[in-house]
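Following is a predicted model, sequence given first.
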Amino acid sequence: MATVGRLLISALSAFSTLFTLASCARTNEPWSQYILAPSSRNPSPSSVYRVIGNASTNGHGSTLALQMSPGSHVSLDFGVEVGGLVSFNIASNSTLPVSLAFAESPSFVRSISDDTGATPSEDWDLALNVSMPAVGETWYQTPSRWFRGGFRFLTINALTDVRIWNVSCEVGFAPHMQDLRDYAGYFHTTDKNLDVLNRIWYAGAYTVQTNIAPQDTGRYLPQVRPGWAYNASLSVAAPVLLDGAKRDRAVWPGDLGVSGTTAFLTLGGQGLEAVANALETIFYYQNASTGEFPFAGPDTASFRSGSQSDTYHAWSLITMRNYALFSGDQTWLDRHWSNISRGVEFIVGNLDAETGLQNQTQTNDWGRQGGGGFNSVLNALDYAALTLMAGLTNTTMQSQSWTSAAERLKTGYNSLLWDEISGLYRDNGTTSLHPQDGNAFALYFNLTQNATQASRISQGLTKNWNAIGPVTPELPDTISPFVSGIEVLAHFRANEPARGEELMRRLWTYLLDSPLMTGSTIAEGITANGSLHYRSMAGYNHDAAYTSLSHSWSTAPVQALIFEMLGLSVTSFGGKTWSLEPKVVGNRSLEGGFETAMGRFDVGVAVARDGKAMKVSLRTPKATEGKVVVPSGWRRVDVDGKACTDGRVQGGKHEITFFK
């Protein structure tokens, strides 16, 4: 998309807004400064990070040249996470002149690469030996099987006297995007104290972008040792949205529950194409007899071992509903409705007749401990899958059956799992553990019975917080941006927007600004003190270099800022209906937008200096209809200068004002 209509909210007055329908170049957009994607699909390093030994450098960017002696090391910094195939011109009198090492984190810039196989010694990948067909001057590009999924730093290790110039990376991610900066969606605020929200939104967008892969670039298993190979089939079609850039480089349904929405909001149709191909892979591997969806995509140890997951089955259905909602693709929905129905019936068939809850027998999940029994997070996801799909089906019998099952589940959930003393849900009926995921998911997916209960859960979840984020009780010494992202959304749903914003600032600022990180993408997880030894005792074997630093399940703030803070979300197939309920704290102005098949949605929100009025400039496709909801703490709404009693608004351009 070369042009975009935009809302401009003047910093001089909370009520001075201008909606501009004129075309403008993307480089003129005020938010373009926050887009992290390279302007070229063949970026050069932005700087020299480190020189060790007898080596010299001159020039910069595309003119950078290196002169290196044996045993020297030059580490180059691309400035942001990149991935793909490295190339350069080289002159040497040896056919084995250099080796290459790749790193996401500044902490692991060294002569060997980040690990893509978790081992305590951190030495699986080592460095890639560059083999030349002859001595002299030539051009080199890493062979496709050594495609490197995600890195910021490239270290060149000289094995002999060598001269290197014209270094670049042929970016392999988002292969269907000719212009990597061509975002369909946007978020922006001119408030200086909110600048971190701009950075969080665009880092989330870029994280998802780096997680969109071309075909046959999955992590080959069994793991190559030493070295690596990214030439495994990872899906039935591509481009495809994966969990991470460096690893696992696989389709994971739980991740898609967050990343699929981020892809839609930021990349529009190009994002949804990658989501659709991930879902095609899930459909392809659906169990024909039971209707259960796979735990993971084909290039994972979990898939190869036949592991299943009750929670990820539910996540698959939630992602499928979201894809249908955002795309409005009726042909896709009709083609897959039988698969989807069997998936929903798999849940219904596993619900306990007495409690209405599912007994968790397949406990594989995002990495948490515990599980089993009438698990809170599983049943919250089941409830979401049942209610969302009941709203999508055109069959009355299905809608009634799934709605009835969801209502029984909700009753049993509150009867069996609610702990009145703590004001939180238990993990299951036989434990005193109050999990972060089960409570956040229950709050977000509306398992609560009233506003008081929701408020208590929101408050109770803060007991897990330390200076940089929530330490999850279900996986000790762990801060999970995946679960914490759902918690952000949950606080907004509980009408606690200040709490949701505070959590975004607390955790995601650290994930952006810590010297351990890429500064451009969002990490998979961290420990309670912020180190990269995520899941050290839960499968990652104390291997900090294994942790993915570009992991799209960590991008929920992208949707929190659009759907919750700006308050604009689509509510029916293809965006034919929508809802507006901004949840803005304090005197501020912000704007954002996205695209569906129906057209563009743009919204700008500005709160008056005295805090007594909130003005919203709104543009939605004319063929749509919306519901304006008066946010908590506000008392009435005017639409285009007239009182709006029923909240119904036709699509088009409107000026909406909320009053205290």
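Good, I have the coordinates.

which residues touch the residue of the chain positioned farthest from its centre?
Among the residues of the chain, the one whose C-alpha is farthest from the average of all C-alpha positions is Asn93, by C-alpha atoms, centre = their mean at 46.4 Å. By C-beta atoms under 8 Å, 6 or more residues apart in numbering, Asn93 lies in contact with Val135, Gly136, Thr160, Asp161. For the C-beta atoms, the positions are set from N, CA and C on the backbone; glycine is no exception.

Low-confidence ranges, the protein, go.
Along the chain, the model assigns pLDDT under 70 to residues 1-27, 122.

could you pull out the helices for it?
Listed in chain order, the helices of the chain (DSSP state H) span residues 195-210, 253-267, 269-284, 301-304, 310-327, 330-349, 376-390, 396-417, 436-444, 451-461, 481-493, 497-503, 509-513, 557-559.

is it true that Ile90 touches Tyr140?
Yes - taking contact to mean C-beta atoms under 8 Å, the distance of 5.5 Å between Ile90 and Tyr140 places them in contact.

Comparing the two, which residue is more hemmed in?
The residue with more neighbours, out of Ile90 and Tyr140 and counting by other C-beta atoms under 10 Å, is Ile90; that gives 22 against 18.

which residues pair with the more buried one across the strands?
Thr138, Ile164 (DSSP bridges).

Enumerate every residue touching it.
Contact analysis of Ile90 by C-beta under 8 Å, 6+ apart lists Pro97, Val98, Val130, Met132, Glu137, Thr138, Trp139, Tyr140, Val162, Arg163, Ile164.

In CSV: the helices of the chain, plus mean neighbour count and distance to Ser40.
Putting those into CSV (neighbours: other C-beta atoms under 10 Å; distance: least, C-beta to C-beta, whole Å) gives the following:
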stretch, mean neighbour count, distance to Ser40
helix 195-210, 26, 14
helix 253-267, 28, 18
helix 269-284, 23, 18
helix 301-304, 16, 35
helix 310-327, 25, 29
helix 330-349, 17, 33
helix 376-390, 27, 40
helix 396-417, 18, 49
helix 436-444, 28, 39
helix 451-461, 18, 43
helix 481-493, 27, 29
helix 497-503, 21, 35
helix 509-513, 19, 23
helix 557-559, 29, 25
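
For these, give me JSON lines that also has distance to Ser69.
Converted to JSON lines, the helices of the chain look like this (distance: least, C-beta to C-beta, whole Å):
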{"stretch": "helix 195-210", "distance to Ser69": "34"}
{"stretch": "helix 253-267", "distance to Ser69": "45"}
{"stretch": "helix 269-284", "distance to Ser69": "44"}
{"stretch": "helix 301-304", "distance to Ser69": "42"}
{"stretch": "helix 310-327", "distance to Ser69": "52"}
{"stretch": "helix 330-349", "distance to Ser69": "58"}
{"stretch": "helix 376-390", "distance to Ser69": "56"}
{"stretch": "helix 396-417", "distance to Ser69": "66"}
{"stretch": "helix 436-444", "distance to Ser69": "53"}
{"stretch": "helix 451-461", "distance to Ser69": "56"}
{"stretch": "helix 481-493", "distance to Ser69": "43"}
{"stretch": "helix 497-503", "distance to Ser69": "50"}
{"stretch": "helix 509-513", "distance to Ser69": "36"}
{"stretch": "helix 557-559", "distance to Ser69": "47"}
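
okay, now Pro214: neighbour count?
Based on other C-beta under 10 Å, the number of other residues close to Pro214 is 17.

Over to stretch 240-257 now: how far is its first residue from its last?
Start to finish, the residues bounding stretch 240-257 are 14 Å apart (C-alpha to C-alpha, to the nearest Å).

With that, I have no additional questions.
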